[in-house]
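*Asks:* Model the following, please.
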Amino acid sequence: TGDTGTVFAPLAEGDYYAVEQESPSGFKLDSTRHYFSVKDGEVTQEVIENEAISGILVHKISTADGKGIPGVSFILYDSGHNPIDQQTTDDRGYAWFEGLEGGHFYLKELENEGYIPDTQLRTVYVKAGETTEVTWENTPITGQIQIVKRSADYNPTNGLPAGTLLEGAVFEIYDKAGNLVDTIKSDSRGLAVSKQLPLSRYSVREVKAPANYGINEEVLTAYLEYEGQILRFEVTDKSLSTGVSITKTGPKEVVSGQPVNYTFSGIANTSNVRLDSFYWRDTLPAQVRLNTVVTGTYNFPGTYKITYRVNGGEYRTLADNLSTAQNYTLAASPTALGLAANERVTEIMFVFGQAPAGFAQVEQPALKCTAINGLTAGSSFVNIADVGGVYNDQWVQAISRWVSTVYGKPTPLPRTGY
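*Replies:* A predicted model of the protein is given here:
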């Protein structure tokens, strides 16, 4: 059939029947035989009707937040209360019943875990060729999570004793699928209270500590198991102590054109909290040229990378995915790095990312260099190393300096007088 719904077929005189092979979209196939006769010189018209296909779209939502509820099953009954279909809501809370003829039907929800049951039989009227939308609300069976925040020890900064209720701690609550469902903050009574939450398993983590305290890294697991349950935790924070350390040593005297080796010790996160963006770096003086990097080892398992700068330009990667447990020796001479005659390495930086409290170097790292030719005897130059990390958006840093003097006989003053 064309866009007018008609089709013409030239036929010889005789008796025929027609059977529909494919129905238009949205209409039910008519598989019956339609008989007709054709006479010479006449046009025989046969009218065939299709019933529109109808459907029901169920949207299951929570009365708590209006969001769709996945995984809820419905049974569809025909007008004679005979079950004819069962569908389950998708991740957006929708269930679709299709291929229905016009008429009235009944829908029943099966038990929905975590929500007050709504097992009433609902009547749904469907018009031919149309989709009937049904919004079905459920009220969650809820409980609540409460957290009491206290000081774990005497705080020398603010003078608060151990056990003091603390204001300003921020916690995030995640459902079992990893979705953030609530953010709560402790008040002047040290109490942080969640909204009403559907019965389920949740994880709770502290994301911001009160002033002068460190974040408690423990992740709490909360099971809300019955209606009206109030699940209370007590969480303590230690007084905040932040610090980093590094010590740089090298030769007190150097000779032009001879090796100059620097070693590093005491590289550590001396804080009682984790630091982010943790690094240590060495800034090389113009009087030396880098040849080799010895990485050293570190006491926490993980990986890190080493970057460098040439003539103060952008950072480049020397090596990546290095194990903290393995001591590497890396070539970093101008030839190995493909540098031009007027280029030199000005910085080497070890980038670790997160460094837990107590992170420290084990085997000593070292930079093996060579003093350039033509240095002035008696002159001196400074090498600077620094280390740092971030806590609560604040940098914690330390610096170590080493001064070397160029060895050689000074040029004597011209002789005057007698």
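
*Asks:* Identify the bridge partners of residue 307.
*Replies:* residue 317, residue 349 (DSSP bridges).

*Asks:* what's around it, how many residues?
*Replies:* Residue 307 has 18 neighbouring residues, counting by other CB atoms under 10 Å. Where you see a C-beta, it was placed from the backbone N, CA and C, and this is true even at glycine.

*Asks:* my guess is it meets residue 314, correct?
*Replies:* No - look at residue 307 against residue 314 with CB atoms under 8 Å: they stay out of range, at 9.4 Å.

*Asks:* Helix, strand or coil: sort out the residue nearest to residue 259 when sequence neighbours are not counted for me.
*Replies:* Setting aside the residues directly before and after it, residue 259 is nearest to residue 370 in space (CB to CB, 6 or more residues apart in numbering), at 5.9 Å. Assigned with DSSP: H, G, I helix; E, B strand; the rest coil, residue 370 falls in the strand class.

*Asks:* Show me where this protein has its helices.
*Replies:* 334-337 (DSSP state H).

*Asks:* centroid residue for it?
*Replies:* residue 178 (9.9 Å; CA atoms, centre = their mean).

*Asks:* give the contact list for residue 17.
*Replies:* 33, 34, 35, 36 (CB atoms under 8 Å, 6 or more residues apart in numbering).

*Asks:* Adding distance to residue 91, write the residues you listed out as CSV.
*Replies:* As requested, the contacts of residue 17 are exported to CSV (distance: CB to CB, whole Å):
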residue, distance to residue 91
33, 45
34, 45
35, 50
36, 51
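
*Asks:* re the thing from before, near the residue nearest to residue 259, how many other residues are there?
*Replies:* Neighbours of residue 370 using other CB under 10 Å come to 17.

*Asks:* cool, and residue 152?
*Replies:* Quick note: residue 152 (other CB under 10 Å) scores 17 neighbours.

*Asks:* May I ask you to confirm that it is in contact with residue 237?
*Replies:* Yes - applying CB under 8 Å, one finds residue 152 in contact with residue 237, separated by 6.0 Å.

*Asks:* so how far is residue 331 from residue 126?
*Replies:* 77 Å (CB to CB, to the nearest Å).

*Asks:* out of those two, which sits in the busier spot?
*Replies:* Shown here are residue 126 and residue 331; by other CB under 10 Å, residue 126 has more neighbours (18 against 12).

*Asks:* what's the spacing between that one and residue 79?
*Replies:* 10 Å.

*Asks:* Report the set of residues contacting both of these two.
*Replies:* What both residue 126 and residue 79 touch, as defined by CB under 8 Å, 6+ apart, is the set 103, 104, 105.

*Asks:* hang on, the earlier thing: just put the contacts of residue 17 in JSON lines and tack on neighbour count and distance to residue 8.
*Replies:* Below are the contacts of residue 17 laid out as JSON lines (neighbours: other CB atoms under 10 Å; distance: CB to CB, whole Å):
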{"residue": "33", "neighbour count": "10", "distance to residue 8": "20"}
{"residue": "34", "neighbour count": "13", "distance to residue 8": "16"}
{"residue": "35", "neighbour count": "10", "distance to residue 8": "19"}
{"residue": "36", "neighbour count": "12", "distance to residue 8": "14"}
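
*Asks:* Tabulate those (JSON lines), appending pLDDT.
*Replies:* Formatted as JSON lines, those follow (pLDDT from 0 to 100):
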{"residue": "33", "pLDDT": "92"}
{"residue": "34", "pLDDT": "91"}
{"residue": "35", "pLDDT": "93"}
{"residue": "36", "pLDDT": "91"}
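
*Asks:* farthest pair in those?
*Replies:* Distances among the contacts of residue 17 were taken as CB to CB; the most separated pair is 33 and 36, at 10.3 Å.

*Asks:* what residues are shared contacts of those two?
*Replies:* By CB under 8 Å, 6+ apart, the residues touching both residue 33 and residue 36 are 17, 18.

*Asks:* Do you know the pLDDT at the residue lying closest to residue 374 once chain neighbours are set aside?
*Replies:* Residue nearest to residue 374 in three dimensions, not counting chain neighbours: residue 256, with 6.1 Å by CB to CB, 6+ apart. As predicted, residue 256 sits at a pLDDT of 93.

*Asks:* For residue 184, see how far away residue 256 is.
*Replies:* From residue 256 to residue 184 the distance is 65 Å (CB to CB).

*Asks:* repeat for residue 271
*Replies:* 26 Å.

*Asks:* picking up where we left off before, quick check: phi and psi at the residue nearest to the centre of the chain.
*Replies:* Dihedral pair for residue 178: phi 90, psi 10, per degrees, to the nearest 10.

*Asks:* could you list every residue that touches it?
*Replies:* Here residue 178 is in contact with no residue (CB under 8 Å, 6+ apart).

*Asks:* So for stretch 80-96, what gets flagged as buried?
*Replies:* For stretch 80-96, a neighbour-count test (16 or more other CB atoms under 10 Å) marks 85, 87, 89, 93, 95 as buried.

*Asks:* For residue 353, give the beta-bridge partners.
*Replies:* Under the criterion used (DSSP bridges), residue 353 bridges to residue 278.

*Asks:* One more: residue 206?
*Replies:* residue 171.

*Asks:* Neighbours of it, how many?
*Replies:* 23.

*Asks:* What of residue 240?
*Replies:* 19.

*Asks:* Skipping adjacent residues, who's closest to it in space?
*Replies:* residue 214 (4.7 Å).

*Asks:* what's near enough to touch residue 63?
*Replies:* 137, 138, 139, 140.

*Asks:* Among those residues, the buried ones, what's the ChimeraX command?
*Replies:* Buried subset of these, written as a ChimeraX selection, criterion 16+ other CB under 10 Å:
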select :138,140
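
*Asks:* Out of the contacts of residue 63, list just those in strands.
*Replies:* 137, 138 (DSSP state E).

*Asks:* ok now do the residue nearest to residue 259, which residues does it touch?
*Replies:* 257, 258, 259, 260, 288, 289, 291.

*Asks:* Now that we have these, can you turn them into JSON lines and tack on distance to residue 320 and neighbour count?
*Replies:* JSON lines is the format used below for the contacts of residue 370 (distance: CB to CB, whole Å; neighbours: other CB atoms under 10 Å):
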{"residue": "257", "distance to residue 320": "33", "neighbour count": "11"}
{"residue": "258", "distance to residue 320": "32", "neighbour count": "11"}
{"residue": "259", "distance to residue 320": "28", "neighbour count": "13"}
{"residue": "260", "distance to residue 320": "27", "neighbour count": "24"}
{"residue": "288", "distance to residue 320": "25", "neighbour count": "25"}
{"residue": "289", "distance to residue 320": "24", "neighbour count": "17"}
{"residue": "291", "distance to residue 320": "21", "neighbour count": "19"}
